[in-house]
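J.: just to be clear, the model below is a prediction. Sequence and coordinates:
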2 protein chains.
Amino acid sequence: MSSMTNESGAKGTRMRAEDRREHILKAATEVFGDYGYFGTTTAVVARAAGVSQPYVVRVFGTKEKLFLEVLQRALDLLMREFRAALAEESDVPLADRIGLAYVGLASNRGLLLSLMHGFVLGRDPEIGPEARRGFMCVYRFLRTEAGFDADESERFLAGGMMINTMIGLRMTDDFDRDADVRELLRAAFPQKLDVLLALAEPPIAERNGARS
Amino acid sequence: MSSMTNESGAKGTRMRAEDRREHILKAATEVFGDYGYFGTTTAVVARAAGVSQPYVVRVFGTKEKLFLEVLQRALDLLMREFRAALAEESDVPLADRIGLAYVGLASNRGLLLSLMHGFVLGRDPEIGPEARRGFMCVYRFLRTEAGFDADESERFLAGGMMINTMIGLRMTDDFDRDADVRELLRAAFPQKLDVLLALAEPPIAERNGARS
DNA sequence: TCGATTGGTTATTGGATGATTACTTAGCAC
DNA sequence: GTGCTAAGTAATCATCCAATAACCAATCGA
């Protein structure tokens, strides 16, 4: 909002702390989405964001806090999209509108996958409670705001977890090679499969300095 | 099968290599299930199996090969249970029988979760292809052997991913605390919820020497 | 224009971590 | 018993990683 704030990561110039923070969060979301919490190093996040590794740590305190912020930001975005779909005037049934909003989030690289990585770390003493809280937040939205019953909500979430898994598996990689994969993906993504297939293959960072 | 082979990890005695190997694979399945591929150290697996860390590495070559063997073993067990459910004479509908078999696998600690951890590492050049292959193996079973159509198969798998997510989140931890959690879990596990709740909370290894 | 504040960097470190090497000992065949 | 093979362990290492410390330079208000 100030004069001459650098929006891109152009070299030599500075960003306001708040913008840089968001910039790092975006990069971190992509890296965490690809390699998960333990598989991600602060150095790779830093490189993806175009800053130094210690700066990442200084802004967020610890790698764990960074991951928790990534999860929170992802959930905020998701809820915003869901509420927008809910508010939307349309002939399309509500469940389909929210479903489409969900699939649309897949174009935000790493967002759904970072959440998914959080969902499988329920045993972690810090991440687990946050992940459960976030998941239930979505469930409560479906039940209370969207007006779904328990079974509808469960089925919707199941479809979501299926989508996350297809993305996590990079199942689209085998789309051209395997007719069964095509059939499965068409069943899992009745609409907007094209969005998925368009998400091509640039790994966010050459995997230097990352864990084995 | 031989005389005097030690079955438990009783101290001072030896096991035949094949038995010890299976013993380590079981322990590794639990640890990988809790912390994922990158979050698991060979030292923690070794402690869980009651052997030394270098021995784990020597038996399996690398940590990566160990994880791939864990995935393969998990898939083998899963397919065996599915085929058993298929062969079973019963009045229960086939889909329910296979579903019950799936939930039953949850009592095999770490098995479904290790698979799930594999499913979200699709970008990994070694793990990704194996994970996709394993997933499609299940899909082909449903389509070809069980006789489901594409949509039925997709819905079944979606339910499976939902179950995996609930387990990964340790959602049962909040069962007593949160009425919404109870409602969701009852919807996700129409039967056999008791099996899940019975799976209490002994973390497989005090988390020494593990990743941050 | 100058001093303070904010937005960064380079250098460094302590502690893990996967893997290797060299060594020990249990159990079987005879 | 005795010797051979298979089943392990202890010691060690190179590497990596998150975090800390110390320092530098844009930008802005006055």
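T.: Ah, there it is.
J.: ok, stretch A:169-189 near chain B or not?
T.: Yes - interface with chain B: stretch A:169-189 contributes A:169-171, A:173-174, A:178, A:180-181, A:183-184, A:186-188 (CB under 8 Å from any CB of the partner chain). (C-beta placed from N, C-alpha, C; glycine too.)
J.: mind listing which of the residues you listed are in helices?
T.: Of the positions in the residues of stretch A:169-189 next to chain B, A:180-181, A:183-184, A:186-188 sit in helices, assigned by DSSP state H.
J.: can you flag the buried ones in these?
T.: For these, a burial check counting by 16 or more other CB atoms under 10 Å in any protein chain shown picks out A:180-181, A:183-184, A:187-188.
J.: want to throw the residues of stretch A:169-189 next to chain B into a markdown table with pLDDT?
T.: Shown next, in a markdown table, are the residues of stretch A:169-189 next to chain B (pLDDT from 0 to 100):
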| residue | pLDDT |
| --- | --- |
| A:169 | 98 |
| A:170 | 98 |
| A:171 | 98 |
| A:173 | 97 |
| A:174 | 97 |
| A:178 | 98 |
| A:180 | 98 |
| A:181 | 98 |
| A:183 | 98 |
| A:184 | 98 |
| A:186 | 97 |
| A:187 | 98 |
| A:188 | 97 |
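J.: quick check: the residue positioned nearest the centre of chain A vs residue A:18, distance?
T.: The residue lying closest to the centre of chain A (CA atoms, centre = their mean) is residue A:111, at 0.9 Å. Per CB to CB, to the nearest Å, residue A:111 is found 20 Å from residue A:18.
J.: pull the number of nearby residues for residue A:110.
T.: For residue A:110, the count of nearby residues is 22 (other CB atoms under 10 Å in any protein chain shown).
J.: for it, what are its contacts?
T.: A:29-34, A:204 (CB atoms under 8 Å, 6 or more residues apart in numbering or on different chains).
J.: try it again at 6 Å.
T.: Shown in contact with residue A:110 (CB atoms under 6 Å, 6 or more residues apart in numbering or on different chains): A:29-30, A:33.
J.: now do stretch A:16-34: everything it contacts.
T.: With CB under 6 Å, 6+ apart as the test, stretch A:16-34 has contacts from A:5, A:40, A:44-45, A:48-49, A:59, A:66, A:70, A:73, A:109-111, A:113-114, A:204, B:123.
J.: that one: which residues count as buried?
T.: Of the residues in stretch A:16-34, A:20, A:23-34 count as buried by neighbour count, 16+ other CB under 10 Å.
J.: pLDDT (mean, whole number) over stretch A:106-114?
T.: Here stretch A:106-114 scores 96 as its mean pLDDT.
J.: where does chain A have low pLDDT?
T.: For chain A, the stretches with pLDDT under 70 are A:1-12, A:201-212.
J.: which parts of it sit against chain B?
T.: A:34, A:38-39, A:116-117, A:119-120, A:122-123, A:128, A:131-132, A:136, A:139, A:150-151, A:154, A:158-159, A:161-162, A:165, A:168-170, A:174, A:180, A:183-184, A:187-188, A:211 (CB under 6 Å from any CB of the partner chain).
J.: ok, back up a step: just the ones of the contacts of residue A:110 in helices?
T.: Applying DSSP H to the contacts of residue A:110, the entries found in helices are A:29-30, A:33.
J.: can I get those in a markdown table with distance to residue B:144?
T.: Shown next, in a markdown table, are the ones in helices among the contacts of residue A:110 (distance: CB to CB, whole Å):
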| residue | distance to residue B:144 |
| --- | --- |
| A:29 | 38 |
| A:30 | 37 |
| A:33 | 33 |
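J.: thinking again about what came up before, which one of the buried ones among the ones in helices among the residues of stretch A:169-189 next to chain B is nearest DNA strand D?
T.: For these, the minimum distance to DNA strand D (CB to the nearest atom of the strand) is 31.6 Å, reached by residue A:181.
J.: doesn't residue A:170 make contact with the closest one?
T.: No - counting by CB atoms under 6 Å, residue A:181 does not reach residue A:170; the two are 10.9 Å apart.
J.: does any part of the longest helix along chain A sit near DNA strand D?
T.: Longest helix in chain A by number of residues (criterion: DSSP H): helix A:63-87. Yes - Helix A:63-87 comes into contact with DNA strand D (CB under 7 Å from any atom of the strand), by way of A:63-64.
J.: distance from stretch A:20-28 to the middle of the chain?
T.: Remark: stretch A:20-28 is offset 13 Å from the chain centroid, using CA atoms, centre = their mean, to the nearest Å.
J.: let me fix that: stretch A:88-99
T.: 22 Å.
J.: ok, stretch A:165-185 next?
T.: Relative to the chain's own centre, stretch A:165-185 is displaced by 19 Å; criterion: CA atoms, centre = their mean.
J.: neighbouring contacts of that stretch?
T.: Residues outside stretch A:165-185 that contact it (CB under 6 Å, 6+ apart): A:106, A:113, A:116, A:188, A:196-197, B:119-120, B:122-123, B:128, B:131-132, B:136, B:139, B:150, B:161.
J.: could you do stretch A:186-196 as well?
T.: Stretch A:186-196 is touched from outside by A:103, A:107, A:162, A:166, A:172, B:150-151, B:154, with contacts defined as CB under 6 Å, 6+ apart.
J.: most neighbours among those residues, which one is it?
T.: The residue in the contacts of stretch A:186-196 with the most neighbours, by other CB under 10 Å, is residue A:166 (26 neighbours).
J.: thinking again about what came up before, pick the one among the contacts of residue A:110 closest to chain B.
T.: Chain B lies nearest to residue A:33 out of the contacts of residue A:110, by CB to the nearest CB, at 8.7 Å.
J.: mind checking which helix or strand residue A:133 is in?
T.: helix A:127-140 (DSSP states H and E).
J.: report all helices and strands that that helix contacts.
T.: Here helix A:127-140 touches helix A:111-119, going by 3 or more CB pairs under 6 Å, 6 or more residues apart in numbering or on different chains; DSSP states H and E.
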